[in-house]
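Chemist: sequence unknown, structure follows:
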């Protein structure tokens, strides 16, 4: 069986770890939040690696970049939901700091990949002009 290309991306691997972390954090939330913050946090977190995977399977680097931007937006959504969760004492400051660190690493990796893909596109475009 062939490994899908996205599975080799460090950013995808880190995002999978982040999803597992979010699931662990939200398992401690009150039952009343099952369809509220828990659902939203999990959906937003899952959206990060799924958009990376979908984008990597697209035909062009421009399409891939668009999906990486969507993943980045989902990461920002998680940040807001984690802030709310901290403010209402569902997660501790320490748990928030750990999630924020993971999120920062993923964000940096996403930005680096976007920059690389944009440079690849520019390089091809510049070579076509010569």
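Modeler: Okay, I see it. Here the structure is a predicted model, which is why all the values come from computation and not from measurement.

Chemist: Could I get the full set of helices for the chain?
Modeler: For the chain, the helices defined by DSSP state H occupy 10-26, 37-56, 61-87, 93-129.

Chemist: Identify whichever of those helices lies nearest to residue 4.
Modeler: Evaluated over the helices of the chain, closeness to residue 4 peaks at helix 37-56, with 7.1 Å, by C-beta to C-beta. Where you see a C-beta, it was placed from the backbone N, CA and C, and this is true even at glycine.

Chemist: Determine the set of other helices and strands touching that closest one.
Modeler: Helix 37-56 is packed against helix 10-26, helix 61-87, with contacts defined by 3 or more C-beta pairs under 8 Å, 6 or more residues apart in numbering; DSSP states H and E.

Chemist: Check which residues of the first one are buried.
Modeler: In terms of neighbour count (16 or more other C-beta atoms under 10 Å), helix 10-26 has its buried residues at 11, 12, 13, 14, 15, 16, 18, 19, 21, 22, 25, 26.

Chemist: Residue 54 versus the residue nearest the centre of the chain, what's the distance?
Modeler: The structure's the chain has its C-alpha centroid closest to residue 48; by C-alpha atoms, centre = their mean the separation is 3.1 Å. Here residue 48 is placed at a distance of 11 Å from residue 54 (C-beta to C-beta, to the nearest Å).

Chemist: so where's this structure shaky on pLDDT?
Modeler: 1-2, 126-130 (pLDDT under 70).

Chemist: let's see 80
Modeler: Along the chain, the parts satisfying pLDDT under 80 run over 1-3, 124-130.

Chemist: Next, the buried residues of stretch 24-43.
Modeler: Within stretch 24-43, the residues scored as buried using 16+ other C-beta under 10 Å are 25, 26, 29, 33, 37, 38, 40, 41, 42.

Chemist: who's in contact with the fourth one?
Modeler: For residue 33, the contacting residues are 26, 90, taking C-beta atoms under 8 Å, 6 or more residues apart in numbering as the criterion.

Chemist: again, 10 Å this time
Modeler: Residue 33 makes contact with 26, 39, 40, 41, 85, 88, 90, according to C-beta atoms under 10 Å, 6 or more residues apart in numbering.
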